[in-house]
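1. Following is a predicted model, sequence given first.
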Amino acid sequence: MANPLSATVHLVGAGPGDPDLLTLRAARLIGGADVIVHDGLVSDDILALAQPRAELISVAKQRSRHSMPQDAINALLVQLALEGRDVVRLKGGDPFIFGRGGEEMDACRAAGVPVEIVPGISAAIGCAAAAQLPLTHRADSSAVSFVAGQCKGLKDQDWSGLAGKGRTLVIYMGVATATDIADKLIADGVSPSVPVAVLEKGTRRDARTLRTQLRDLGAMIDREAVQSPALIVVGDVVRHARAQDMLTGWAATSQVLGEFLG
(Lines give C-alpha, C1' and ligand atoms only; values in the text may rest on other atoms or scores of the structure.)
Protein backbone atom coordinates (compact mmCIF):
# COMPACT_ATOMS: atom_id res chain seq x y z
CA MET A 1 0.00 0.00 0.00
CA ALA A 2 1.33 3.43 -0.96
CA ASN A 3 2.36 5.79 1.81
CA PRO A 4 0.38 9.06 1.31
CA LEU A 5 3.22 11.12 2.83
CA SER A 6 5.93 9.71 0.58
CA ALA A 7 7.49 11.43 -2.39
CA THR A 8 8.48 9.51 -5.52
CA VAL A 9 11.73 7.72 -6.30
CA HIS A 10 12.61 8.05 -9.99
CA LEU A 11 14.98 5.34 -11.24
CA VAL A 12 16.53 7.19 -14.17
CA GLY A 13 18.81 5.85 -16.90
CA ALA A 14 21.63 8.29 -17.62
CA GLY A 15 22.72 6.49 -20.79
CA PRO A 16 26.36 5.74 -21.64
CA GLY A 17 27.76 9.17 -20.81
CA ASP A 18 26.98 11.75 -23.49
CA PRO A 19 24.31 14.13 -22.10
CA ASP A 20 22.87 14.55 -25.61
CA LEU A 21 21.73 10.91 -25.39
CA LEU A 22 19.52 11.47 -22.34
CA THR A 23 15.78 11.11 -22.84
CA LEU A 24 13.79 14.31 -22.47
CA ARG A 25 12.15 12.88 -19.35
CA ALA A 26 15.53 12.10 -17.79
CA ALA A 27 16.91 15.57 -18.54
CA ARG A 28 13.86 17.26 -17.02
CA LEU A 29 14.03 15.17 -13.86
CA ILE A 30 17.77 15.76 -13.42
CA GLY A 31 17.35 19.51 -13.93
CA GLY A 32 14.56 19.76 -11.38
CA ALA A 33 15.67 17.25 -8.76
CA ASP A 34 15.98 18.11 -5.09
CA VAL A 35 18.31 15.17 -4.43
CA ILE A 36 20.19 12.97 -6.89
CA VAL A 37 21.62 9.63 -5.78
CA HIS A 38 24.06 8.66 -8.51
CA ASP A 39 26.46 5.85 -9.29
CA GLY A 40 30.06 6.11 -10.44
CA LEU A 41 29.29 5.57 -14.12
CA VAL A 42 27.33 8.80 -14.46
CA SER A 43 29.49 11.34 -16.28
CA ASP A 44 30.36 14.76 -14.88
CA ASP A 45 28.72 16.33 -17.94
CA ILE A 46 25.39 14.81 -16.93
CA LEU A 47 25.72 15.72 -13.24
CA ALA A 48 26.40 19.30 -14.35
CA LEU A 49 22.77 19.47 -15.53
CA ALA A 50 21.55 19.41 -11.92
CA GLN A 51 20.37 22.68 -10.42
CA PRO A 52 22.84 24.38 -8.04
CA ARG A 53 20.74 23.69 -4.94
CA ALA A 54 20.38 19.97 -5.64
CA GLU A 55 22.03 17.58 -3.19
CA LEU A 56 24.27 15.08 -5.01
CA ILE A 57 24.92 11.82 -3.20
CA SER A 58 27.45 9.42 -4.72
CA VAL A 59 27.02 5.70 -4.11
CA ALA A 60 29.75 4.71 -6.55
CA LYS A 61 30.68 1.06 -6.83
CA GLN A 62 34.02 -0.34 -7.99
CA ARG A 63 35.16 -3.92 -8.29
CA SER A 64 35.44 -5.38 -4.76
CA ARG A 65 35.01 -1.93 -3.20
CA HIS A 66 31.59 -0.36 -2.69
CA SER A 67 31.17 3.04 -1.07
CA MET A 68 27.72 1.89 0.08
CA PRO A 69 26.29 -1.66 0.06
CA GLN A 70 23.21 -2.23 -2.07
CA ASP A 71 20.94 -2.76 0.94
CA ALA A 72 22.06 0.61 2.30
CA ILE A 73 21.33 2.28 -1.05
CA ASN A 74 17.84 0.79 -1.01
CA ALA A 75 17.28 2.08 2.53
CA LEU A 76 18.60 5.54 1.62
CA LEU A 77 16.18 5.90 -1.31
CA VAL A 78 13.25 4.89 0.89
CA GLN A 79 14.33 7.22 3.72
CA LEU A 80 14.68 10.23 1.42
CA ALA A 81 11.28 9.60 -0.15
CA LEU A 82 9.58 9.17 3.25
CA GLU A 83 11.07 12.54 4.21
CA GLY A 84 9.00 13.99 1.37
CA ARG A 85 11.88 14.56 -1.04
CA ASP A 86 11.49 13.57 -4.67
CA VAL A 87 14.52 11.44 -5.45
CA VAL A 88 16.30 10.90 -8.76
CA ARG A 89 18.30 7.68 -8.59
CA LEU A 90 20.63 8.19 -11.52
CA LYS A 91 22.23 5.15 -13.12
CA GLY A 92 24.62 4.72 -16.03
CA GLY A 93 22.99 3.11 -19.05
CA ASP A 94 19.54 1.69 -18.32
CA PRO A 95 18.29 0.94 -14.78
CA PHE A 96 17.11 -2.55 -15.72
CA ILE A 97 20.25 -3.77 -17.52
CA PHE A 98 22.86 -4.68 -14.88
CA GLY A 99 21.82 -1.58 -12.94
CA ARG A 100 20.14 -3.28 -9.94
CA GLY A 101 17.10 -1.19 -10.72
CA GLY A 102 14.86 -4.16 -10.05
CA GLU A 103 16.19 -4.51 -6.49
CA GLU A 104 15.69 -0.81 -5.77
CA MET A 105 12.20 -0.88 -7.26
CA ASP A 106 11.25 -3.84 -5.05
CA ALA A 107 12.56 -2.06 -1.93
CA CYS A 108 10.52 1.05 -2.71
CA ARG A 109 7.38 -0.97 -3.35
CA ALA A 110 7.82 -2.89 -0.10
CA ALA A 111 8.01 0.40 1.81
CA GLY A 112 4.99 1.87 0.06
CA VAL A 113 7.10 4.42 -1.79
CA PRO A 114 5.94 5.37 -5.30
CA VAL A 115 8.54 4.55 -7.91
CA GLU A 116 8.91 5.53 -11.57
CA ILE A 117 11.25 3.89 -14.08
CA VAL A 118 12.79 6.16 -16.71
CA PRO A 119 14.65 4.05 -19.27
CA GLY A 120 18.01 5.08 -20.67
CA ILE A 121 20.04 4.12 -23.70
CA SER A 122 21.92 1.04 -22.52
CA ALA A 123 25.71 1.07 -22.55
CA ALA A 124 25.74 -1.73 -25.13
CA ILE A 125 23.49 0.08 -27.58
CA GLY A 126 24.97 3.55 -27.06
CA CYS A 127 28.64 2.57 -27.13
CA ALA A 128 28.21 0.27 -30.12
CA ALA A 129 26.42 3.02 -32.04
CA ALA A 130 29.20 5.50 -31.25
CA ALA A 131 31.74 3.01 -32.60
CA GLN A 132 29.53 2.36 -35.66
CA LEU A 133 29.47 -1.30 -34.66
CA PRO A 134 26.10 -2.96 -35.43
CA LEU A 135 25.20 -5.53 -32.78
CA THR A 136 23.11 -7.39 -35.35
CA HIS A 137 23.71 -7.60 -39.09
CA ARG A 138 21.98 -9.69 -41.74
CA ALA A 139 25.28 -11.11 -42.93
CA ASP A 140 26.88 -11.75 -39.55
CA SER A 141 24.54 -11.93 -36.56
CA SER A 142 20.88 -12.60 -35.92
CA ALA A 143 21.13 -12.79 -32.12
CA VAL A 144 22.73 -10.69 -29.40
CA SER A 145 23.23 -11.53 -25.70
CA PHE A 146 24.26 -9.38 -22.74
CA VAL A 147 26.23 -10.97 -19.88
CA ALA A 148 28.08 -9.74 -16.79
CA GLY A 149 31.80 -10.51 -16.65
CA GLN A 150 32.02 -10.50 -12.86
CA CYS A 151 28.51 -11.29 -11.66
CA LYS A 152 28.69 -14.12 -9.08
CA GLY A 153 31.97 -15.29 -10.59
CA LEU A 154 32.58 -16.60 -14.08
CA LYS A 155 32.40 -20.25 -13.03
CA ASP A 156 28.77 -19.81 -12.00
CA GLN A 157 27.71 -18.58 -15.42
CA ASP A 158 26.64 -20.71 -18.36
CA TRP A 159 27.47 -18.92 -21.60
CA SER A 160 27.33 -21.97 -23.83
CA GLY A 161 25.85 -21.09 -27.20
CA LEU A 162 25.93 -17.31 -26.64
CA ALA A 163 29.02 -16.63 -28.78
CA GLY A 164 30.09 -17.97 -32.15
CA LYS A 165 28.98 -17.84 -35.76
CA GLY A 166 25.85 -15.78 -36.31
CA ARG A 167 25.79 -14.45 -32.75
CA THR A 168 27.03 -11.39 -30.86
CA LEU A 169 28.05 -11.46 -27.21
CA VAL A 170 28.29 -8.20 -25.24
CA ILE A 171 30.11 -8.46 -21.91
CA TYR A 172 29.64 -5.86 -19.21
CA MET A 173 32.15 -5.44 -16.35
CA GLY A 174 34.68 -7.71 -18.01
CA VAL A 175 37.89 -5.67 -18.05
CA ALA A 176 39.39 -7.20 -14.89
CA THR A 177 38.49 -10.76 -15.93
CA ALA A 178 39.19 -10.48 -19.67
CA THR A 179 41.78 -13.26 -19.79
CA ASP A 180 39.48 -15.64 -17.94
CA ILE A 181 36.62 -14.65 -20.23
CA ALA A 182 38.66 -15.46 -23.34
CA ASP A 183 39.78 -18.78 -21.88
CA LYS A 184 36.19 -19.64 -20.94
CA LEU A 185 34.84 -18.90 -24.43
CA ILE A 186 37.64 -20.74 -26.21
CA ALA A 187 37.13 -23.76 -23.94
CA ASP A 188 33.44 -23.67 -24.91
CA GLY A 189 34.39 -23.95 -28.57
CA VAL A 190 34.49 -20.33 -29.74
CA SER A 191 37.24 -19.77 -32.30
CA PRO A 192 40.33 -18.02 -30.87
CA SER A 193 40.41 -15.88 -34.00
CA VAL A 194 36.88 -14.46 -33.64
CA PRO A 195 36.94 -10.64 -33.80
CA VAL A 196 36.64 -8.79 -30.49
CA ALA A 197 36.17 -5.10 -29.72
CA VAL A 198 36.68 -3.28 -26.44
CA LEU A 199 34.56 -0.13 -26.24
CA GLU A 200 36.16 2.06 -23.60
CA LYS A 201 34.22 5.06 -22.26
CA GLY A 202 31.88 4.92 -25.24
CA THR A 203 30.16 8.17 -26.37
CA ARG A 204 32.44 10.25 -24.13
CA ARG A 205 35.13 12.66 -25.26
CA ASP A 206 37.92 10.26 -24.29
CA ALA A 207 36.30 7.16 -25.86
CA ARG A 208 38.40 4.47 -27.54
CA THR A 209 37.48 1.46 -29.66
CA LEU A 210 40.13 -1.26 -29.62
CA ARG A 211 39.90 -4.35 -31.83
CA THR A 212 41.75 -7.63 -31.84
CA GLN A 213 40.99 -11.36 -31.72
CA LEU A 214 39.66 -13.37 -28.82
CA ARG A 215 43.02 -15.05 -28.11
CA ASP A 216 44.61 -11.62 -27.55
CA LEU A 217 41.83 -10.02 -25.49
CA GLY A 218 43.44 -10.04 -22.05
CA ALA A 219 46.88 -9.09 -23.33
CA MET A 220 45.46 -6.19 -25.34
CA ILE A 221 43.57 -4.82 -22.36
CA ASP A 222 46.79 -4.88 -20.32
CA ARG A 223 48.85 -3.47 -23.17
CA GLU A 224 46.48 -0.58 -23.82
CA ALA A 225 45.77 0.06 -20.11
CA VAL A 226 42.02 -0.09 -20.69
CA GLN A 227 39.95 1.49 -17.93
CA SER A 228 36.33 1.06 -16.94
CA PRO A 229 33.68 1.71 -17.98
CA ALA A 230 34.32 -0.55 -20.95
CA LEU A 231 32.36 -3.19 -22.84
CA ILE A 232 33.65 -6.24 -24.67
CA VAL A 233 31.93 -7.25 -27.91
CA VAL A 234 32.60 -10.71 -29.36
CA GLY A 235 31.50 -11.67 -32.86
CA ASP A 236 31.85 -11.10 -36.58
CA VAL A 237 29.92 -7.81 -36.34
CA VAL A 238 33.13 -6.29 -34.96
CA ARG A 239 34.42 -6.23 -38.56
CA HIS A 240 31.98 -3.41 -39.31
CA ALA A 241 33.33 -0.97 -36.70
CA ARG A 242 34.87 2.26 -37.94
CA ALA A 243 37.96 1.74 -40.10
CA GLN A 244 39.97 4.35 -38.18
CA ASP A 245 39.58 2.48 -34.91
CA MET A 246 42.74 0.96 -33.48
CA LEU A 247 43.81 -2.56 -34.43
CA THR A 248 46.23 -4.23 -32.08
CA GLY A 249 47.86 -7.48 -31.08
CA TRP A 250 47.29 -10.44 -33.38
CA ALA A 251 45.63 -8.16 -35.91
CA ALA A 252 48.91 -6.32 -36.38
CA THR A 253 50.43 -8.81 -38.81
CA SER A 254 49.45 -8.46 -42.44
CA GLN A 255 48.43 -12.09 -42.73
CA VAL A 256 46.04 -11.99 -39.78
CA LEU A 257 44.88 -8.49 -40.66
CA GLY A 258 43.81 -9.65 -44.07
CA GLU A 259 41.89 -12.57 -42.55
CA PHE A 260 40.45 -10.35 -39.83
CA LEU A 261 39.04 -7.67 -42.12
CA GLY A 262 38.47 -9.99 -45.11
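-> Structure's in. What do you need?
2. longest helix anywhere in this protein?
-> helix 70-82 (DSSP state H).
3. can you list contacts of it?
-> Outside helix 70-82, the residues that touch it by C-beta atoms under 8 Å, 6 or more residues apart in numbering are 3, 5-9, 35, 37, 57, 59, 68, 87, 89, 100, 103-104, 107-108, 111, 113-114. (Glycine included, C-beta is placed from N, CA and C.)
4. let's see it at 10 Å
-> 3, 5-11, 34-35, 37, 39, 55, 57, 59, 61, 66-69, 85-87, 89, 100, 103-108, 110-115 (C-beta atoms under 10 Å, 6 or more residues apart in numbering).
5. What residues of that helix count as buried?
-> 73, 74, 76, 77, 78, 80, 81 (16 or more other C-beta atoms under 10 Å).
6. Next, count neighbours for residue 22.
-> Residues within reach of residue 22, counting by other C-beta atoms under 10 Å, total 21.
7. Any idea which helix or strand in this protein has the lowest mean pLDDT?
-> Every helix and strand of the chain was ranked by mean pLDDT, DSSP states H and E. The lowest is helix 254-261, at a mean of 38.
8. So residue 112, which state does it fall into?
-> For residue 112, the assignment made with DSSP: H, G, I helix; E, B strand; the rest coil gives coil.
9. Now do the strands in the stretch 51-200 of the chain.
-> Applying DSSP state E, counting those that start in this stretch to the stretch 51-200 of the chain gives strands spanning 55-58, 61-62, 65-66, 87-91, 115-118, 141-148, 166-172, 195-200.
10. would you turn those into a markdown table with mean pLDDT?
-> Listed next are these as a markdown table, based on pLDDT from 0 to 100:
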| stretch | mean pLDDT |
| --- | --- |
| strand 55-58 | 96 |
| strand 61-62 | 66 |
| strand 65-66 | 53 |
| strand 87-91 | 97 |
| strand 115-118 | 98 |
| strand 141-148 | 96 |
| strand 166-172 | 97 |
| strand 195-200 | 97 |
